[in-house]
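Colleague: Take a look and give me a structure for this.
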Amino acid sequence: MITVKLITVGNLKESYLREAEAEYTKRLGAFCRFENIQIREVKLPENPSAGEIDTALRNEAKAILGAMPPRSYKIAMCVEGKQKSSEELAAMMERASGEYSELCFVIGSSHGLHESVKKACDLRLSVSELTFPHQLMRVILLEAVYRGFNIIKGTKYHK
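Modeller: Numbers count the residues shown, from 1 in each chain. The predicted model follows:
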């Protein structure tokens, strides 16, 4: 059984998002071992400068890179990433699970991910050209991964 690691920056603040995350985490248990690693978000002032943002992203990157399993298929969630359909994501997950024992998805803070994290990943993935709060993106990604496993297994969840 493959392991799926989700590395995120920051904590979920809203109870409804925590409940949705818990539900998808439970559902994913039928298909994979799931690990959620939360990295502490660097606190920034109200209107941070570009330099302050870069320093924060560098510090978060050190923790993210340290948490990424070296022999996993690593996916950076970022706006400039490639968009895939649910079927394409499922096919990528299936291919990766044949070569790797772990899939690792990385979601940065509201300021994104440092370039060093993106370069360390095998794929840059975007779910939409629309902008979503990074906390909501966690739930969206978990649903997409859950849907991907259902497509692979041929269940009725994906219509």
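
Colleague: Doesn't residue 105 lie inside a strand?
Modeller: Yes: under DSSP: H, G, I helix; E, B strand; the rest coil, residue 105 falls within a strand.

Colleague: pull the longest strand from the chain.
Modeller: For the chain, the strand with the greatest residue count under DSSP state E is strand 73-83.

Colleague: Helices of the protein, residue ranges please.
Modeller: 15-28, 50-67, 86-99, 115-120, 134-153 (DSSP state H).

Colleague: of all those helices, which lies closest to residue 8?
Modeller: helix 134-153 (5.8 Å; C-beta to C-beta). No exception for glycine: its C-beta is placed from N, CA and C like everyone else's.

Colleague: What is the closest one packed up against?
Modeller: strand 3-9, helix 15-28, helix 86-99, strand 102-107 (3 or more C-beta pairs under 8 Å, 6 or more residues apart in numbering; DSSP states H and E).

Colleague: List the buried residues in that helix.
Modeller: 134-135, 137-152 (16 or more other C-beta atoms under 10 Å).

Colleague: again, but for stretch 59-78
Modeller: Under 16+ other C-beta under 10 Å, the buried positions of stretch 59-78 are 60-61, 63-64, 68-69, 72-78.

Colleague: Now pLDDT and distance to residue 123 too, for the residues you listed, in CSV please.
Modeller: Listed next are these as CSV, based on pLDDT from 0 to 100; distance: C-beta to C-beta, whole Å:
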residue, pLDDT, distance to residue 123
60, 97, 20
61, 97, 17
63, 97, 21
64, 98, 15
68, 96, 13
69, 92, 15
72, 96, 12
73, 97, 8
74, 98, 8
75, 98, 5
76, 98, 7
77, 96, 10
78, 93, 10
